[in-house]
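Chemist: requesting a structural model of the entry that follows:
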Amino acid sequence: MALPLSYHWRNLFVRKATTALTVLVIAAVVGTFAWVIGFVAALNRALSVASDPRKIIVLQRGGTSETNSAISPEEFNRLTQLTDVERDPDTGRELISPEMFWQTQLPRVRDGGATRANVAVRGVTEMAFLVHRNVRPQGATISTGLPEVIVGLSAAKQFSGLNIGDTLRLGFAENREFKVVGYFSADGGPMESEIWAYLPLLQSAYGRTGYSAASLRLREGADPAATIAQMAGAAIQLSGQTEGDYWRSQSSMVRIYQGVCYVLIGMMTLAAMFSIANTMFATVAGRTREIAMLRTIGFSGGQVLRGFMLESTLLALLGGALGCAACWAWLQFVGHTKDMFGTSTFTAMAFDIRMTPVIVLISLAMVAVVGVLGAVFPARRAAQTQVIRALREE
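Modeler: Sure, this is the predicted structure:
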């Protein structure tokens, strides 16, 4: 017969100060762990959207991003030599989108404008919506004659001044006013953090005649590597990457940040494990006679061992539940939407961190394992208690 669960639950609150301190340490670890898992999941979700194998990002030779790339109209026209570009079934035009990439600084919503971020402004034509098929306007779209912009939903949530009807000042001297007339979604991908305007109007605002980059869509079954190789040849002399490769290269700084977070989580997990072990050692030391009585009335050493490990697991889960609740409350307080700079574009990519049931289950599973590992040695000590010696102690 095993010891009842209520017995172990009551024993957690006998030493209130020690238990409370341990629970707080565990809660801090689990809260941070849950946030990092949510951060990684949100980032991976955003980047997974930008991984269309049939979409190629075209840059100037030597360019590492749209920010430091420049393609002249003559160079852009050479792309018509590519043999595997998909065509619009209605017009027969090749699906190649000329695009201009710029940045504007906007205040963040979450801190009331105390900090600002570089937000991407992309000049496009109607062709962009055929190439970037996950971009879907919600309501009005860009005008070819009026200085208007549409804004990604993630950008609208993260940065100020991007509500419909607001005026955005663009141009070298910020002397051109563009009105926000609509939003667009991009399935939560990087483009949802951008502002889109009609290409010729944006070129005029910044005094540009060329493009930053181009995006094209390959026909079904085409080999992206063969198209990229053809593009790099003497006839065209441009570089290209699949969309997935391009965005992975832009997120390398974020991967480093993730690595640092994982190291910190590992250190905090060890701290939680030692805290649990310390609490359980103190519990065993203070309950020597009680353990001896349990052995005397028929409970085996194995049952005592499992009982103390159960207490440790309950302690860990209590802290884990508090940590998950604290992480959820923190996200409610500061907001779900965060942003991170790209490696070479230095423009902000916004994404939503959510406390999903999966993240809660992963966090509680992790802390349960920590609870078991932290209780192994104290529980073994309790199971090996010598009954006669313990009963003689005062």
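
Chemist: the closest residue to Ser69 other than its chain neighbours: neighbour count?
Modeler: Excluding its sequence neighbours, the residue lying closest to Ser69 (C-beta to C-beta, 6 or more residues apart in numbering) is Gly63, at 3.3 Å. Heads up, the C-betas are built off the backbone N, CA and C, glycines and all. By other C-beta atoms under 10 Å, the residues close to Gly63 number 19.

Chemist: quick one: contacts for Gly63?
Modeler: By C-beta atoms under 8 Å, 6 or more residues apart in numbering, Gly63 lies in contact with 69-70, 213, 239.

Chemist: and the strands in the stretch 151-300 of the chain, which stretches?
Modeler: All strands of the stretch 151-300 of the chain, identified by DSSP state E, counting those that start in this stretch, fall at 167-170, 176-185, 195-198, 213-217, 239-242.

Chemist: please work out which of the ones you listed is packed deepest.
Modeler: Comparing the strands of the stretch 151-300 of the chain by mean neighbour count (mean count of other C-beta atoms under 10 Å), strand 195-198 ranks first with a mean of 25.

Chemist: what about Thr32, helix or strand, and which?
Modeler: Assigned by DSSP states H and E, Thr32 belongs to helix 16-49.

Chemist: buried sites along that helix?
Modeler: By neighbour count with 16 or more other C-beta atoms under 10 Å, helix 16-49 contains the buried residues 18-19, 22-23, 25-43, 46-47, 49.

Chemist: other SSEs contacting that helix?
Modeler: Using 3 or more C-beta pairs under 8 Å, 6 or more residues apart in numbering; DSSP states H and E, the elements in contact with helix 16-49 are helix 243-250, helix 252-286, helix 301-334, strand 337-341, strand 348-352, helix 357-383.

Chemist: and the next helix or strand after that helix, average pLDDT?
Modeler: With elements assigned by DSSP H and E, the helix or strand that comes after helix 16-49 is strand 55-59. In this model, strand 55-59 carries a mean pLDDT of 96.

Chemist: what lines up beside strand 55-59 in the sheet?
Modeler: strand 213-217 (antiparallel), strand 239-242 (antiparallel) (DSSP bridges).

Chemist: mind listing what Arg78 touches?
Modeler: 235-238 are the contacts of Arg78 under C-beta under 8 Å, 6+ apart.

Chemist: please read the previous query as pertaining to Ala232.
Modeler: So Ala232 contacts 61, 238-240 (C-beta under 8 Å, 6+ apart).

Chemist: quick revisit: buried members of the contacts of Arg78 into PyMOL, please.
Modeler: Buried residues within the contacts of Arg78, by 16+ other C-beta under 10 Å, are selected in PyMOL with:
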select buried, resi 236+238
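
Chemist: okay, the strands paired with strand 55-59 in JSON lines with mean pLDDT and distance to Arg136 next?
Modeler: Formatted as JSON lines, the strands paired with strand 55-59 follow (pLDDT from 0 to 100; distance: least, C-beta to C-beta, whole Å):
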{"stretch": "strand 213-217", "mean pLDDT": "97", "distance to Arg136": "16"}
{"stretch": "strand 239-242", "mean pLDDT": "94", "distance to Arg136": "22"}
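
Chemist: can you list those in TSV and add distance to Met267?
Modeler: Below are these laid out as TSV (distance: least, C-beta to C-beta, whole Å):
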stretch	distance to Met267
strand 213-217	41
strand 239-242	36
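
Chemist: burial count for Leu162?
Modeler: Around Leu162 there are 22 residues (other C-beta under 10 Å).

Chemist: just the contacts of Gly63 now: which is nearest Trp330?
Modeler: Nearest to Trp330 among these is Ala213, at 37.9 Å by C-beta to C-beta.

Chemist: may I ask you to confirm that that closest one is in contact with Asn68?
Modeler: No. The criterion here is C-beta atoms under 8 Å, and Ala213 misses it with Asn68 at 10.2 Å.

Chemist: thinking again about what came up before, tell me the two of the contacts of Gly63 that are most distant?
Modeler: Of all the pairs that these form, the one spanning the most space (C-beta to C-beta) is Ala70 and Ser239, at 12.5 Å.

Chemist: residues shared between the contacts of those two?
Modeler: Joint contacts of Ala70 and Ser239 (C-beta under 8 Å, 6+ apart) are 60, 63.

Chemist: which ones are touching Ala205?
Modeler: Contacts of Ala205 (C-beta under 8 Å, 6+ apart): 147, 170-172, 176, 178.

Chemist: how about 6 Å then?
Modeler: The contact partners of Ala205, taken as C-beta atoms under 6 Å, 6 or more residues apart in numbering, are 170-171, 176.

Chemist: could I get the residues you listed as CSV with pLDDT and distance to Val131?
Modeler: CSV is the format used below for the contacts of Ala205 (pLDDT from 0 to 100; distance: C-beta to C-beta, whole Å):
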residue, pLDDT, distance to Val131
Leu170, 94, 23
Gly171, 91, 26
Arg176, 93, 26
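
Chemist: out of those residues, which is nearest to Met231?
Modeler: Nearest to Met231 among the contacts of Ala205, with distances taken as C-beta to C-beta, is Leu170, at 30.6 Å.

Chemist: what bridges to that closest one?
Modeler: With DSSP bridges as the criterion, Leu170 is bridged to Arg176.

Chemist: same deal with the one 10 residues further on?
Modeler: With DSSP bridges applied, the residues forming beta bridges to Val180 are Val149.

Chemist: among the helices and strands of this structure, which one scores worst on average pLDDT?
Modeler: Least confident helix or strand of the chain, by mean pLDDT, DSSP states H and E, is helix 387-392 with a mean of 48.

Chemist: domain-wise, how is the chain divided?
Modeler: 5-48+252-392, 52-245 (automatic domain parsing).

Chemist: weakest of the ones you listed in terms of mean pLDDT?
Modeler: domain 5-48+252-392 (a mean of 74).

Chemist: so how far is the helix or strand encompassing Phe101 from its chain's centroid?
Modeler: Assigned by DSSP H and E, Phe101 belongs to strand 96-107. Strand 96-107 sits 23 Å away from the centroid of its parent chain (C-alpha atoms, centre = their mean, to the nearest Å).

Chemist: state the next helix or strand along the chain beyond it.
Modeler: strand 116-124.
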